[in-house]
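Asks: For reference, the sequence and a predicted model appear below.
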Amino acid sequence: MALHLPGFRPLKGAAPRAWDDPRAAVELSPIKDIELRASRIPGVVSLAQGIPSFDTPEPITRYVQQKIAEGACSKYSVAPGLPELRELISDTLLQDGMRYDPDGEVLVTCGAIEAITATLLATVGPGDEVVLTSPTYASYWPAVRLTGATPRYVALDEDANFDLDPDAIARTLTRRTRAILLCNPNNPTGTVFSAPQVQRVLEIAAANDLLVITDEVYKDFVYTDVEPASPARFPAHRDRVVSVWSFSKAYAMTGWRVGFLAAPREHVTRILKVHDALVTCAPVVSQHAAVAALQVGAPFIAQFRREFRARRDRIIERLDALPHVFDYQRPNASYFVFPRLKDTVPLARDSRRLAIDLLERARVAVVPGVAFGPTGEAHLRLCYARTPADIDAACDRLDDYFAGRTARVHVVVPAAVTRPARGVGRRLGVAALRALARTYVQRRRPTVVAIAGSRGKTVTKRLVTELLSPRLATRANPLSYNTEVGLPLAILDVPLNTRQPASVALAFARALWTALVSRPPLDVLVLEFGVRSRGDMAAHLRIVQPDIAVIAGLAPSFSEDQQGLAVLRAEIAELCDAVRRSGGRLLVCGDDPSLAAVAQQVAGTLVFSKAHVSDVDGVRSLEIDGTRYPVERDVAGESNLLGLEVAARIGALLGTSDEQIRQFLAHPL
């Protein structure tokens, strides 16, 4: 059965697709869209993006640290990848019955999706067609469209556990078909395509002179006796196969962004040109991590497989408890389950709207099934690579949602991190630096401006300093400090290189001089209050109490960073409470909904927001408390615009004239 629909509608507000322009047809992956939405909502439990809950194994990270210390990661590798890594890949493939020359038939890439996209860009183009299964991985469709080619979908048989019918592929082919793209084991269904099925696909490809591209990133997580068959193991068809693998899943290395492909030399030669144009080479630090993974990672794969199988069984138990909501096929591989919604479930035939409603009302992130192709509609994809606690919490909320109850949503703030014990000398040194920083502030009594949050801190610090410096003696450290001694170093304006003992001694001598003797003018001290773990803010406040606190927008640095975001929110609340008690002034980003309550709780809070900036007929202006200022200086990005408003408001609090603020917003002072 051939299915020609793209299978995913743009979310509300997205620009319409221009089908004659492949660039306009490419949109943000719906998986990433859900995760981005989730990052803005406190207390979400995510079963959306396929990120293992495990950390990268310690032997891999230790090896990489050694390579960084040796200076081995500071330069480009050759475009195909480190020779050592390609040789290890070649040896690993040979052990699995696949012979590829590391010099010319193996290419190291920025993850599997770059390998697939580069392959498509090198081999198909406008007017061509690429056959995909439905359901299949959501990012294939935009990768195909980016080339100008058209995806043609072939439905998997859901009643047979999403099995593949190779003859359905044969019926879908046209004279414009150039390639077949398979994911085996399949994401999102967990189906394993057998050797006879793969061989039949290869025979069809040979009869029609087609390229076969296979994504095999889940090959290590199979829970049956049926082994996924790589097309590269069929020597008769080797010349038309490009096989893609990744380190992301098997070794818990999603953030390292490293994968590889293997193919005959003529294919790799063409793909290498695209790869070079896109990325030059895969990150060298990540390539070294991949070297270690192939050398020491096998025991960890086995451990991860056992755990994922247990988690699969757990999530299936929870789905069994919702028979009025879901039907499902048991996944035999990967770490996803793809249940179908019963017709009686509201929004069952609009999985996109249902996924957003689950996110907003139940605080559970799942991926709408329609993202995976036309037959994915009326399904949801749930990732069980998360911790057992997350799986249970998400399923509890799904129970509540589908029963019409208020979801059991609790925003959990992790307890304070217990830091490893340090030597007596180091503890005394840290305590001395903190005491000197307190002494310095008490002696000089500058106005202290503290900037916290996670967006635009550095640019705001720079702009505040720029506005105040012509009239007030103002200092801010150019670098951001988030370590336990970072704030004292910033206050004392002391650099420190712990790798050079002479530098440590010099730093302490300079700190003593600055705190106890030196008295250069200082009216305003601008500081970043960095937060990494629970208790950091209290440590900062024991050193210095800010007179003005700026709370920038809160956003996670990683899509799976809800714990870190919860810690940051709790620490920010502690800062705001301290400012309230001391009678200081608070400036809060009004564009962050999680900060709205803060603005209401502290009297006299000033709110800065992108809503205060307007562009009319190409003229940009900033409105502050009813006064409109032209903004003529060249700034780029939302953080810069918000930084201008914060600087202007702080300037007004500290006596900067209206005319000086106008000049500052018109051009640099």
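Replies: Nice, I can see it.
Asks: rest of the way, CA atoms for contacts and neighbours
Replies: OK.
Asks: you'd agree Ile180 is in a strand?
Replies: Yes. Under DSSP: H, G, I helix; E, B strand; the rest coil, Ile180 falls within a strand.
Asks: For Ser286, pull up the helix or strand it's in.
Replies: Under the criterion DSSP states H and E, the helix or strand holding Ser286 is helix 284-296.
Asks: Touching the next helix or strand after that helix from outside, list them.
Replies: Read in the C-terminal direction, the helix or strand following helix 284-296 is helix 298-320, with elements assigned using DSSP H and E. Counting by Cα atoms under 8 Å, 6 or more residues apart in numbering, the neighbours of helix 298-320 from elsewhere in the structure are 57, 220-223, 250-251, 326, 330-331, 335-337, 384-385, 388, 391-392, 395.
Asks: Kindly report the same for stretch 362-369.
Replies: Residues beyond stretch 362-369 that count as contacts (Cα under 8 Å, 6+ apart) turn out to be 30-31, 34-35, 38, 41, 43-49, 338, 351-352, 354-355, 358-359, 376-383, 394, 397-398, 400-401, 406-409.
Asks: Using PyMOL, define a selection of the buried residues within these.
Replies: Selection of the buried residues among those in PyMOL, burial being defined by 16 or more other Cα atoms under 10 Å:
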select buried, resi 30+31+34+35+38+41+43+44+45+46+47+48+49+338+351+352+354+355+358+359+376+377+378+379+380+381+382+383+394+397+398+401+407+409
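Asks: which ones among the contacts of stretch 362-369 are found in helices?
Replies: Under the assignment DSSP state H, the contacts of stretch 362-369 contribute 30-31, 34-35, 38, 351-352, 354-355, 394, 397-398, 400-401 to helices.
Asks: how about stretch 239-248 as CSV, C-alpha atoms only?
Replies: As requested, C-alpha coordinates have been extracted for stretch 239-248 and formatted as CSV (Å, rounded to 0.1, in the frame of the first residue of the first chain):
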residue,chain,number,x,y,z
ASP,A,239,27.6,-2.1,-4.1
ARG,A,240,24.2,-0.5,-3.5
VAL,A,241,24.1,-0.3,0.3
VAL,A,242,24.9,2.6,2.6
SER,A,243,24.7,1.5,6.3
VAL,A,244,24.5,4.0,9.1
TRP,A,245,25.3,3.5,12.8
SER,A,246,25.6,5.8,15.8
PHE,A,247,27.3,5.8,19.2
SER,A,248,24.5,7.9,20.7
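Asks: for that stretch, what is the average pLDDT?
Replies: Averaging pLDDT along stretch 239-248 gives 97.
Asks: what about that stretch, distance to the chain center?
Replies: 24 Å (Cα atoms, centre = their mean, to the nearest Å).
Asks: For the remainder of this discussion, apply numbering that starts at 35.
Replies: From this message on, residue numbering opens at 35, which makes the last subject stretch 273-282.
Asks: so how far is Ala469 from the residue of the chain most remote from its centre?
Replies: In terms of distance from the mean C-alpha position of the chain, Val551 ranks first, at 47.0 Å (Cα atoms, centre = their mean). Val551 is 15 Å from Ala469, where distance means Cα to Cα, to the nearest Å.
Asks: Repeat that for Thr126.
Replies: Thr126 sits 56 Å away from Ala469, going by Cα to Cα.
Asks: what's the answer for Gly598, then?
Replies: As it turns out, when the distance is counted by Cα to Cα, Gly598 lies 29 Å from Ala469.
Asks: ok, these two, which is more surrounded?
Replies: More crowded of Gly598 and Ala469, by other Cα atoms under 10 Å: Gly598, with 19 against 15.
Asks: Which elements pack onto the host helix or strand of that one?
Replies: Using DSSP H and E, Gly598 maps to helix 596-616. Using 3 or more Cα pairs under 8 Å, 6 or more residues apart in numbering; DSSP states H and E as the contact test, the elements touching helix 596-616 are helix 570-577, strand 582-585, strand 619-623.
Asks: which of the ones in helices among the contacts of stretch 396-403 sit farthest apart?
Replies: Using Cα to Cα, the two most remote members of those are Pro64 and Asp434, lying 24.8 Å apart.
Asks: if I pick Ser282, what's in contact with it?
Replies: Taking Cα under 8 Å, 6+ apart as the contact definition, Ser282 lies against 145, 251, 288-293.
Asks: Kindly recompute the last result at 10 Å.
Replies: For Ser282, the contacting residues are 84-86, 90, 145-146, 251-252, 288-293, 324, taking Cα atoms under 10 Å, 6 or more residues apart in numbering as the criterion.
Asks: One more: His271?
Replies: Per Cα under 10 Å, 6+ apart, neighbours of His271: 233, 236-237, 239-240, 245-246, 265.
Asks: now Asn220
Replies: With contact set as Cα under 10 Å, 6+ apart, Asn220 has these partners: 167, 169-171, 196-197, 226-227, 249-253, 262, 365-368, 370.
Asks: separation between it and Arg272?
Replies: Between Asn220 and Arg272 the computed distance is 21 Å (Cα to Cα).
Asks: quick one: pLDDT of Arg340?
Replies: Confidence per residue is given as pLDDT, and for Arg340 that number is 96.
Asks: So which bits of stretch 683-703 are buried?
Replies: Per 16+ other Cα under 10 Å, stretch 683-703 contains these buried residues: 683-685, 690, 694-700.
Asks: same deal with stretch 467-485?
Replies: Using 16+ other Cα under 10 Å as the burial criterion, the residues of stretch 467-485 that qualify are 467-468, 470-475, 480-485.
Asks: Extract the CA atoms of that stretch and return them as PDB.
Replies: Listed next in PDB are the C-alpha coordinates belonging to stretch 467-485 (Å, rounded to 0.1, in the frame of the first residue of the first chain):
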ATOM      1  CA  LEU A 467      39.000  33.800  49.400                       C
ATOM      2  CA  ARG A 468      35.400  34.100  50.500                       C
ATOM      3  CA  ALA A 469      36.400  36.000  53.700                       C
ATOM      4  CA  LEU A 470      38.500  38.400  51.600                       C
ATOM      5  CA  ALA A 471      35.600  39.000  49.200                       C
ATOM      6  CA  ARG A 472      33.300  39.800  52.100                       C
ATOM      7  CA  THR A 473      35.900  42.100  53.500                       C
ATOM      8  CA  TYR A 474      36.300  43.900  50.200                       C
ATOM      9  CA  VAL A 475      32.600  44.500  49.800                       C
ATOM     10  CA  GLN A 476      32.200  45.800  53.400                       C
ATOM     11  CA  ARG A 477      35.200  48.200  53.000                       C
ATOM     12  CA  ARG A 478      34.200  49.600  49.600                       C
ATOM     13  CA  ARG A 479      30.400  49.400  49.900                       C
ATOM     14  CA  PRO A 480      29.700  49.600  46.100                       C
ATOM     15  CA  THR A 481      26.200  49.300  44.700                       C
ATOM     16  CA  VAL A 482      26.100  45.500  43.900                       C
ATOM     17  CA  VAL A 483      24.100  44.500  40.800                       C
ATOM     18  CA  ALA A 484      23.600  40.700  40.700                       C
ATOM     19  CA  ILE A 485      22.500  39.000  37.400                       C
END
